[in-house]
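Novice: give me a model of this one.
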Amino acid sequence: MKKNKKKISIPTILIYVFFIFMMFVYLAPVAWIAMTSLKTRAEIYKSPFGWPENYQWGNYAVAWKAGKLGVAMLNSLFVCVVTLLLCMLLGSMAAFAIGRLRWKLSGAAMVYIMIGMMIPVHCVLIPLFVRFANIGLSNNLWGLILPYLTFSLPTCVFIMTGFFRSIPNELLESACIDGCSIYRIFFSICLPLSRTGLFVTGLMTFIGNWNELLLALVFISDDTKKTLPVALTKFVTPYQTNYDKMFPAIMIAIIPTIIVYTLFSNQIVDGLTTGAVKG
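Specialist: Modelled structure (predicted):
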């Protein structure tokens, strides 16, 4: 018997070509940074796109020590973890109140929170700096956590609202008949059923704040309190840029985000589509 051969249509071929092209576009800069991080400064200027003659693995140790990346990484980890926990708790509670509870101003509250997604951070930079300086939060890690939390909450509320609205009403009605309080329904039923949304918003919040530079650069001046993106700016001076140290430092900074997106990319896509479509 002859085997049925599936014909590949031209649109399918074009889609695959497009995906391969986009993969190259996104991976090529990372590969170039990794390759350049193993060169000497002379090789970088002489052949910026060529392979290194001798792999300079010592560049990573020098960059780690010169940029004090260990302290900066701990500061970034503290800020991002605290912001993540507060955002997940407050954002999910607000989303539950908007998506599942019946009250007159729920729609207005949602619009008010969504406005936060439309305000650029540049518009509030100077007022925040003046206010934090007056109350003692300037040059303080908690002075980063508050604006990070403020700008992360709208996205968290938007996504989690879609997840909470997708929960069947019959399930919550049965819980009420069994005598569950509103807090028991939230923590024991709604949160476990919406764990994919928590997972997605948590990743987005953590990685977005991990890579944030502007607020950390303005609010933090003490070297012992600088976050990882700010520490990378030490390799750029008014007269020269230490490329042989800067590129290894960049690789150290982006490796955690690459690992996270590689391991959990499917969960991110599934969570975003579920929260955006259902409800």
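
Novice: next, count neighbours for the closest residue in space to residue 191 that isn't next to it in sequence.
Specialist: Excluding the flanking residues, the one nearest residue 191 by CB to CB, 6 or more residues apart in numbering is residue 92, at 6.5 Å. Quick note: C-beta positions are derived from backbone N, CA and C, even for glycine. By the measure other CB atoms under 10 Å, the count of residues near residue 92 is 25.

Novice: low-confidence ranges, the stretch 151-279 of the chain, go.
Specialist: 265-279 (pLDDT under 70).

Novice: hmm, back to that, so what's the residue nearest to residue 191 up against?
Specialist: Shown in contact with residue 92 (CB atoms under 8 Å, 6 or more residues apart in numbering): 156, 160, 191, 194, 198.

Novice: so it belongs to a strand, correct?
Specialist: No - using DSSP: H, G, I helix; E, B strand; the rest coil, the secondary structure at residue 92 is helix, not a strand.

Novice: can you give me the pLDDT of it?
Specialist: What the model reports as pLDDT for residue 92 is 92.

Novice: same question for stretch 118-126, mean pLDDT?
Specialist: 85.

Novice: and it, how far out from the chain middle?
Specialist: Centroid separation for stretch 118-126 versus its chain: 18 Å, with CA atoms, centre = their mean, to the nearest Å.

Novice: convert the C-alpha atoms of that stretch to CSV, please.
Specialist: Taking Å, rounded to 0.1, in the frame of the first residue of the first chain, the C-alpha atoms of stretch 118-126 are listed here in CSV:
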residue,chain,number,x,y,z
MET,A,118,-1.1,54.0,30.7
ILE,A,119,1.1,56.3,32.8
PRO,A,120,4.8,56.3,31.9
VAL,A,121,7.2,56.1,34.7
HIS,A,122,9.0,59.2,33.4
CYS,A,123,5.9,61.3,34.3
VAL,A,124,6.1,60.5,38.0
LEU,A,125,9.9,60.3,38.4
ILE,A,126,10.5,63.8,39.7
